[in-house]
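Engineer: Could you look at this predicted model? Sequence included:
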Amino acid sequence: MNKPYPPKNIDGLPLNSQTRRDFLRLSAQAATVATLAGGLPLIGRAENNAPDADADKHGLLRHRFGVNYVPSKHWYYCYNNWNLSDIKHDLDRIAEIGADHIRLMVVWPWFQPNANAVSTAHLDRLDELVHAAGQRHIDVLPCIYTGWLSGFHFNPNFYDQEPFYTSEKWAAAQTLYLKALAGRMNAHKNFLGFDIGNEINCNWQANLPDGDAWMHRVLGQMNAASPGRVHVNGVDNGPWFELNTFSAKALVAEQPIVALHCWPFWTGAGKFGGPLDTPYTHLGAGMAALARSLGGDPRKPMWMEEFGACSEEMPEADIPRWLETSITQAIQNGVSWFTWWASHDVSREYEFHPFEYGLGLMTSDNRIKQQGLKFKELAEHYRGKAVVIPSATLPPPPSARTHDATWKWLLDWMQSQQK
């Protein structure tokens with residue numbers, strides 16, 4: 001696209017025009033993480049507070065590093081133009097830069113072309129991809145009701161006139177699809193769990209009670225279909241900055257680790273400073289504090305599930321420094337996992353927003369960029385180390401659930417960290 005992503009409306013509620021598009025079970029990585037951790041106890045709480053048992057069990061209190069996988073060849077159209085050799089080459093590079101997991105987009109209308117049918121061919125390809133990742137000791141978190149990718153909608157059109165979050169027809173189609181995916185994924189030791197979708201609130205909007213009830217139902221189904229994994233809802237920044245489909249309280253309560261999409265460009269950080277200034281570099285840390293405050297849970301595990309930068313917003317040479325500062329500031333503020341968007345750049349043969357092409361840690365011909373080398377350095381240094389959540393009391397939530405009030409809260413919090 002050659003224009004910014006369009007704004008949307010939520011049953012009369014405003015959706016910020018900068019809304020962006022767009023685990024966990026220790027499985028094959030357990031031995032590696034334990035070795036890297038050097039036998040450290042699973043802490044991650046303030047002194048004299050015991051760690052949460054579920055967080056310990058799922059490895060939520062140790063640092064992990066991964067990437068949102070964007071195939072180097074044919075973008076996600078690769079599912080329809082399948083070449084496993086290309087995928088394996090990408091996964092080799094992903095392993096080389098030290099990523100221990102990938103977040104994987106499963107494009108819903110291609111995998112479920114009809115409300116009553118799931119594509120066996122596409123499930124087979126997903127099996128092959130997850131198996132290849134496991135051979136390289138990479139865990140996989142599929143995003144299933146997706147959806148919103150790189151500024152475009154890839155929505156199934158089963159029931160266009162039915163309300164997505166409350167329709168029984170939609171619920172039946174969603175359940176069929178989830179069960180088909182779970183039936184395949186449960187066989188893989190490197191299956192981390194499901195993400196509901198990639199910023200599903202960009203596809204379908206609802207009032208908060210309906211959105212929360214739907215999320216509760218779907219996460220319950222995921223836990224029943226694939227127990228022992230960690231299932232999340234990777235929304236965009238909207239619900240953290242204003243009232244948007246899912247309540248912040250429910251997002252914190254329902255997820256074992258809170259999936260945050262921390263995009264300075266799309267949240268408007270540039271209004272408050274340059275790419276290497278505090279509003280840009282401390283956004284991930286600030287959003288973790290914000291989510292804990294909004295959710296009333298100061299010890300909740302946090303995951304920067306999407307964050308990234310490209311030369312459309314800052315000089316290419318500054319991206320490694322931004323990456324390093326963003327991660328180290330978040331680590332100091334008790335963020336557990338880091339998943340960069342994206343693994344690879346996108347070929348310019350496809351029409352996307354200019355921002356999308358250069359977000360990779362590697363080029364579309366699989367050359368590792370300087371930011372990829374910096375990512376590798378940080379992953380090797382921090383992976384497996386215990387998360388330490390600050391014991392300082394968080395300020396109360398923003399006085400109003402608006403974008404401006406939220407940014408004021410974030411800027412005040414960032415200033416307090418400088419003292």
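Structural biologist: Now that the structure is in, tell me what you want to look at. Residues are numbered from 1 along each chain as shown.

Engineer: Run through the helices of the stretch 201-350 of the chain in chain order.
Structural biologist: Counting by DSSP state H, counting those that start in this stretch, the stretch 201-350 of the chain has helices at residues 208-225, 238-241, 248-254, 264-267, 278-281, 283-295, 319-332.

Engineer: Save these as a markdown table, and put in mean pLDDT and distance to Trp170 too.
Structural biologist: C-beta coordinates here come from the backbone N, C-alpha and C atoms, glycine included. Output for those, formatted as a markdown table (pLDDT from 0 to 100; distance: least, Cβ to Cβ, whole Å):
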| stretch | mean pLDDT | distance to Trp170 |
| --- | --- | --- |
| helix 208-225 | 98 | 9 |
| helix 238-241 | 98 | 20 |
| helix 248-254 | 98 | 20 |
| helix 264-267 | 96 | 28 |
| helix 278-281 | 98 | 39 |
| helix 283-295 | 98 | 27 |
| helix 319-332 | 98 | 36 |
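
Engineer: Now the nearest residue to Ile389 once chain neighbours are set aside. Its backbone dihedrals?
Structural biologist: With Cβ to Cβ, 6 or more residues apart in numbering as the criterion, Ile389 has its nearest non-adjacent residue at 3.4 Å, and that residue is Gly334. The phi and psi torsions at Gly334 (degrees, to the nearest 10) take the values phi 80, psi 30.

Engineer: if I look at Gly334, how far off is Leu60?
Structural biologist: Between Gly334 and Leu60 the computed distance is 11 Å (Cβ to Cβ, to the nearest Å).

Engineer: Kindly report the same for Ala121.
Structural biologist: Relative to Leu60, and taking Cβ to Cβ, Ala121 is found at 35 Å.

Engineer: So if I had to pick from these two, which one is more boxed in?
Structural biologist: Ranked by neighbour count (other Cβ atoms under 10 Å), Ala121 and Leu60 place Leu60 first, with 26 against 12.

Engineer: right, and the more buried one touches Pro256 too?
Structural biologist: Yes. Using Cβ atoms under 8 Å, Leu60 is in contact with Pro256, at 6.4 Å.

Engineer: and stretch 210-219, how far out from the chain's middle?
Structural biologist: Its chain's C-alpha centre and that of stretch 210-219 lie 18 Å apart, by Cα atoms, centre = their mean, to the nearest Å.

Engineer: buried set for it?
Structural biologist: 210-212, 214-215, 218-219 (16 or more other Cβ atoms under 10 Å).

Engineer: now the helices for the stretch 1-150 of the chain?
Structural biologist: Counting by DSSP H, counting those that start in this stretch, the helices of the stretch 1-150 of the chain are 30-37, 53-57, 84-96, 108-111, 120-135.

Engineer: from those helices, which stretch is densest packed?
Structural biologist: Of all these, helix 108-111 carries the top mean neighbour count, a mean of 20, counting by mean count of other Cβ atoms under 10 Å.

Engineer: Counting by contacts, list what it packs against.
Structural biologist: helix 120-135, strand 139-146, helix 168-185 (3 or more Cβ pairs under 8 Å, 6 or more residues apart in numbering; DSSP states H and E).

Engineer: Could you export those as a markdown table, including distance to Ser399 and mean pLDDT?
Structural biologist: As requested, the helices and strands packed on helix 108-111 are exported to a markdown table (distance: least, Cβ to Cβ, whole Å; pLDDT from 0 to 100):
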| stretch | distance to Ser399 | mean pLDDT |
| --- | --- | --- |
| helix 120-135 | 45 | 98 |
| strand 139-146 | 33 | 98 |
| helix 168-185 | 36 | 98 |
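
Engineer: Of all these, which one is nearest Thr267?
Structural biologist: strand 139-146 (20.5 Å; Cβ to Cβ).

Engineer: Can you give the contact residues for that closest one?
Structural biologist: With Cβ atoms under 8 Å, 6 or more residues apart in numbering as the test, strand 139-146 has contacts from 23-24, 27-29, 66, 100-108, 126, 129-130, 133-134, 154, 174, 177-178, 181, 185, 188, 190-198, 200, 203, 232, 234.

Engineer: for stretch 354-372, same thing?
Structural biologist: Here stretch 354-372 makes contact (Cβ under 8 Å, 6+ apart) with 2, 67, 70, 72-73, 89-90, 93, 96-97, 150-151, 265, 308-313, 316-317, 319-320, 323, 340-348, 375-376.

Engineer: now swap in stretch 210-226 and tell me
Structural biologist: Under Cβ under 8 Å, 6+ apart, the answer for stretch 210-226 is 163, 165-166, 171, 174-175, 178-179, 182, 185-186, 191, 193-194, 196, 201, 205-206, 229, 231, 233, 245-247, 250-251, 254-255.

Engineer: Please indicate which of those are buried?
Structural biologist: Buried among these by 16+ other Cβ under 10 Å: 165, 171, 174, 178, 182, 185, 191, 193-194, 196, 201, 205-206, 229, 231, 233, 245-247, 250-251, 254-255.

Engineer: on that earlier part again, got the helices and strands packed on helix 108-111 as TSV, with distance to Glu380 columns?
Structural biologist: Shown next, in TSV, are these (distance: least, Cβ to Cβ, whole Å):
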stretch	distance to Glu380
helix 120-135	19
strand 139-146	17
helix 168-185	29
